[in-house]
Each structure stands twice: as C-alpha cells, then as structure tokens.
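*Asks:* Predicted model and sequence follow; I will ask about them next.
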Amino acid sequence: MDWANTFKGVDSKVHKLIFKWFSAAVLAMAALFSMTSCSGGAADPAAGPAGADPNAVAARVNGKDIKMEEVEKGVKAQSQGQEAYFSPLELASARLTVLQQLIQGEVMFQKAEKEQAVPTEEEVTAEMNRQKTSSGLSAEEFDRQMKSAGESEQSWRQNVKKNLALQKLQEKITNRVEAPKDKEIEEFYNTNKEQFKNKRGAQLAAIVIDPANSGQGDLTTNQDQANARAKEIGQRAMTGSDFATLAREASEDLQSRSQGGDWRYFTEDELKQSFGDQVADLIMNKMQNGQIVPVALPLEGKTLIVKLQRKQDRDEDLTLESPGVRQRVTELLINARKGLLWQSYGAIAINEAKVENFLAQKVVANPNELSGARPAAPPTPGNANTTSNANAAGASNANAAANTNTNANARPAANSSPAAQPAANRPANANSGQ
C-alpha cells in the first residue's frame, strides 16, 4: 500500500495552508509568462481578441514591460480558445487575471536573477527535451500544438527558463526549513487522530474515451463516435479481454494509456460525489475485485470504462507507529512551513516591486465602457469552458511541466508545452493500490 497517500483529511487541511497563494499565483504565472522587452502604446482591456495591439504595454515591473501579446496568449490558453465568445466585460476580467499572474511571475523571476537561481542554457535544453518526450506527442503534433498556442521555440524556451528559475529560487529559499522535533510530530498526530485513517473505498482502473480531439492519438472526435467506441471497448472488457492491454491500446488519455488503465483510489464519499449514489453502491456493495462496471461512466466530459481493482470494506485507524505515519507527519509539517515561508517571501517581493498595471488603470479610468453582451455565435459543442464566469481564464490551470510546487499534482496549461492532460486525474491526494 502507498502509505504516503492515506492521509486525505490531513493533507487537505495542511495543503490549503501551503498552496492558497502558492498555487493560485506562482504555479499559474509559471505557465503564462515569457520575457519580452518591446514597448508600445497603452493597452485596451476591452478590445476584442483580434483588436488588441500585441505591442501595447499592459504592465511594467521594475522597468520591465509586459506586452499585450503575452496577456493574449495566456487568455487563449486558459480559455481553451473560447475567448472569441467572451463579452467585453468578461474578456477584460480574464485579461486582468492573466496579467496579474504575469506580473507576479516577472517579480519572482527578477528575484531569481538577484539570487543567482537562473538555470544554465544546458539545463533549459534538457528540460525542453524532457517535456517533449513526456508529452507522448509526435514531433509534428507537438509543433502544431505549440503553434496553436502562439508559442515559438524561442518564447517557449524563455517560459521553460523562467519556470526552472522559480523552482531553483523556491528550493533555495525554503531549504532553510528544519525537520520538526518529535514533540511537534506527536502533537500534530494527537490533534488530528480522526484524519489518520484508511477510508473505506475502492481502487479503480479506467479506459478514457474523449469526444474532443486532444491530440493524444484520439480515434473519436465527437460524442457519437465516443459513445460507439465506449460501447465497443466496454463489451470487450466485459467479455474477458485483458483490461491493461485494452487501456494501452484504446485509452484516449496519455496517463491511463501509459499506466495500463491504473487510475486512483476513491473513498466512498468521493465515489458518490463523482459518479452518484447508485454507482457508489454498486462498486462498494455488489461488485467483486476484478469486475468491470457494466455501464460506461461520464466524468468531466469524458466517457470511462471502469474496473474495480480492489475494495477496502471498512475504515482502518492508523497510529503514529503505523508504517509511514511518522514520516508522513514530518513531511506535512515541513511542507506547511515551506509553503508559508514561500508565500511570505512572495508577498514581500510583490510589495517591494515597482509595478505599473496600465490595463487596470484603464478600467478604473473608464468603468462604464465595458459591455456585458456576448457575441451572438455560440461555441461549438464539446469545446471547453464558455461559462459567464470571466474568471474561467483564471489561475486554476497550473503548469505541471514547470511544477514549481514541491508537492503539487497540478495540471498542465497549454501555454507552456502541449504536454497531455490526464482526463481522469481527479483530486491530487489519491490513495493508490497495493
């Protein structure tokens, strides 16, 4: 059993402390910024996607310009190409969100330069090659997705360089944190005993059928094709075909395909939240290990063929002397302190920087000019987020390729590299199988 993943309640408590500022700001900004130095006119927050001047200066950080070109690339990546359907009000809000991430990224990169934490060109090249390999894409598809994201080889190289610099800076700053004393470990455990359990639940495997063309070897590109494909693969799985072999052959998701369908552990409550009470009851009370869920399950716009790998029928209490518990508490306390230190360091860096946000200044000067009306043409069904929430282009899509978080399991954003996003990779703190 993977003891490192058994403390879901404790993890969620401590990780909220670690990542509140960290994930929403530093991770997201790592996926967005690139170095630019040209200047132009002042930026217009309400200009349509095609009407924004790419050379307009959106903000300036300690004399360093951030152009609208970078803001537009970030909005496009985080809205998955749906920015054309934003109202002027939504588009302005999305631009301001992205710009704030870019500002924070530039501030922290300048700190990395001062701390001599910038990677060598050899390190940058090695990381670029690693990302290309781990994406699982052909060279042609990788280049196509780079072009679609508005990235050139040079701009992507600058992104990778800054991402690595943030990692190096974080490591340098947080390495000052010492291991907790035994008394602290015992106090933490004693005040969180109820959280130290192996929860009743199930380890699942999945084959993912994706109706969208994600560039991961998809055979289905619309819902009808996905339904037919799911029926075919489901029947093969139900009639005895090896599930791991099927997953490597048919899953339209890089992670599940490479892992032979191996997915994650769900507590019973998570099963109910993800698939509903009936499916949870079926898995926990009626199915046996090794059986296939007899119906395809929808999740996050995908269709899943699911196998029950193992069940845990009851909660299991863990003591401080259970294998891995003391080590895990130590890691939780260290990571919490590192997170707080990094959060505080970032806050001071932002406060000390001279930041001029020209985009925000224009909104303040002209608050009544932004219309809430959307363009009439609807987006194509199946394409992602078209919600009225202008913050849909916000900071939730963090860059897994950069992975500045020492303990993160964040998802990749399109603006750093076209590395594949696991379709079914749900909460980060998953209980893995034995």
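*Replies:* Right, received. Where do you want to start? Numbering: from 1, shown residues only.
*Asks:* Could you check how far stretch 143-159 is from the centre of its chain?
*Replies:* Counting by C-alpha atoms, centre = their mean, to the nearest Å, stretch 143-159 is centred 19 Å from the centre of its parent chain.
*Asks:* what's the single longest strand in the chain?
*Replies:* Of all the segments assigned as strand in the chain under DSSP state E, the longest by residue count is strand 302-312.
*Asks:* And the helices in the stretch 1-150 of the chain, which stretches?
*Replies:* 8-19, 28-30, 68-78, 88-114, 121-135, 139-148 (DSSP state H, counting those that start in this stretch).
*Asks:* still on that earlier bit, which positions in the longest strand of the chain come out as buried?
*Replies:* Neighbour-count burial for strand 302-312, with 16 or more other C-beta atoms under 10 Å as criterion, is recorded at Lys302, Thr303, Leu304, Ile305, Val306, Lys307, Leu308, Gln309, Lys311, Gln312. No exception for glycine: its C-beta is placed from N, CA and C like everyone else's.
*Asks:* Widest-spaced pair of those?
*Replies:* The span of the buried residues of strand 302-312, defined through C-beta to C-beta, is set by Thr303 and Gln312 at 26.5 Å.
*Asks:* Now Glu316. Nearest residue, chain neighbours left out?
*Replies:* For Glu316, the nearest residue in space outside its immediate sequence neighbours is Asn198; the separation is 4.1 Å by C-beta to C-beta, 6 or more residues apart in numbering.
*Asks:* That neighbour against Arg310, yeah?
*Replies:* No - between Asn198 and Arg310 there is no contact, the gap being 11.9 Å when judged by C-beta atoms under 8 Å.
*Asks:* Quick check on the residue nearest to Glu316: phi, psi?
*Replies:* Backbone torsions for Asn198, taken as degrees, to the nearest 10, come to phi -90, psi 110.
*Asks:* same check, this time on Ser258
*Replies:* The phi/psi pair for Ser258 (degrees, to the nearest 10) is phi -70, psi -20.
*Asks:* Isn't it up against Gly136?
*Replies:* Yes - proximity of Ser258 to Gly136 meets the contact threshold set by C-beta under 8 Å, at 7.1 Å.
*Asks:* on that earlier part again, out of the helices of the stretch 1-150 of the chain, which gets the lowest mean score?
*Replies:* Looking at the helices of the stretch 1-150 of the chain, the lowest mean pLDDT belongs to helix 8-19 (a mean of 40).
*Asks:* for the stretch 101-250 of the chain, what spans make up the strands?
*Replies:* Taking DSSP state E, counting those that start in this stretch as the criterion, the stretch 101-250 of the chain contains strands spanning 197-198, 201-209.
*Asks:* Name the strands paired with the helix or strand following the longest strand of the chain and say parallel or antiparallel.
*Replies:* Past strand 302-312, heading to the C-terminal end, the next element that is a helix or strand (DSSP states H and E) is strand 316-317. Strand pairing for strand 316-317, using DSSP bridges, gives strand 197-198 (antiparallel).
*Asks:* before we move on, the earlier item: counting by contacts, list what the longest strand of the chain packs against.
*Replies:* Of the remaining helices and strands, those touching strand 302-312 by 3 or more C-beta pairs under 8 Å, 6 or more residues apart in numbering; DSSP states H and E are strand 201-209, helix 223-238, strand 297-299.
*Asks:* Can you give me the neighbour number for the residue nearest to Glu316?
*Replies:* 21 (other C-beta atoms under 10 Å).
*Asks:* Next: the one 4 residues further on.
*Replies:* Other residues within reach of Ala202, judged by other C-beta under 10 Å, total 25.
*Asks:* same question, Arg326
*Replies:* The local packing of Arg326 (other C-beta under 10 Å) involves 16 other residues.
*Asks:* Give me the neighbour count for the closest residue to it other than its chain neighbours.
*Replies:* Beyond its immediate neighbours in the sequence, the residue positioned closest to Arg326 (C-beta to C-beta, 6+ apart) is Leu320, lying 5.7 Å away. When neighbours are defined as other C-beta under 10 Å, Leu320 has 15 of them.
*Asks:* what does the one 10 residues further on give?
*Replies:* Close neighbours of Thr330, defined as other C-beta under 10 Å, add up to 16.
*Asks:* In the helix or strand where it lies, which of the residues would be classed as buried?
*Replies:* Thr330 is located in helix 325-352, with elements delineated by DSSP H and E. Along helix 325-352, these residues count as buried under the neighbour rule (16+ other C-beta under 10 Å): 325-326, 328-343, 345-346, 349-350.
*Asks:* what's the angle from that helix to helix 88-114?
*Replies:* Orientation note: helix 325-352 sits at an angle of 100 degrees relative to helix 88-114 (axes from the mean of the first three to the mean of the last three C-alpha atoms, to 10 degrees).
*Asks:* what's the average pLDDT for stretch 176-193?
*Replies:* What stretch 176-193 shows for mean pLDDT is 94.
*Asks:* ok, and what's touching it?
*Replies:* By C-beta atoms under 8 Å, 6 or more residues apart in numbering, the surrounding residues in contact with stretch 176-193 are 9-10, 13, 196, 317, 320, 325-326, 329-330, 332-334, 337-338, 341.
*Asks:* for stretch 293-305, same thing?
*Replies:* Outside of stretch 293-305, the residues that reach it under the criterion C-beta under 8 Å, 6+ apart are 206-212, 226-227, 230-231, 233-234, 237-238, 246, 253, 274-275, 279, 282-283, 287, 292, 306-308, 382, 384, 423-424.
*Asks:* Those, buried ones only, as a ChimeraX selection?
*Replies:* The ChimeraX selection below is limited to those of those classed as buried (16+ other C-beta under 10 Å):
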select :206,207,208,209,210,211,212,226,230,233,234,237,246,253,274,275,279,282,283,287,292,306,307,308,423,424
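*Asks:* lowest-confidence helix or strand of the chain?
*Replies:* Considering only helices and strands, the least confidently modelled element of the chain by mean pLDDT, DSSP states H and E is helix 8-19, at a mean of 40.
*Asks:* Dump the helices of the stretch 1-150 of the chain to a markdown table, plus mean neighbour count and distance to Gln158.
*Replies:* Supplementary listing: the helices of the stretch 1-150 of the chain in a markdown table, determined by neighbours: other C-beta atoms under 10 Å; distance: least, C-beta to C-beta, whole Å:
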| stretch | mean neighbour count | distance to Gln158 |
| --- | --- | --- |
| helix 8-19 | 19 | 25 |
| helix 28-30 | 30 | 12 |
| helix 68-78 | 25 | 10 |
| helix 88-114 | 23 | 10 |
| helix 121-135 | 15 | 9 |
| helix 139-148 | 14 | 13 |
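*Asks:* Could you export those as TSV, including distance to Asn163?
*Replies:* Rendered in TSV, the data for those read as follows (distance: least, C-beta to C-beta, whole Å):
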stretch	distance to Asn163
helix 8-19	17
helix 28-30	5
helix 68-78	14
helix 88-114	9
helix 121-135	8
helix 139-148	15
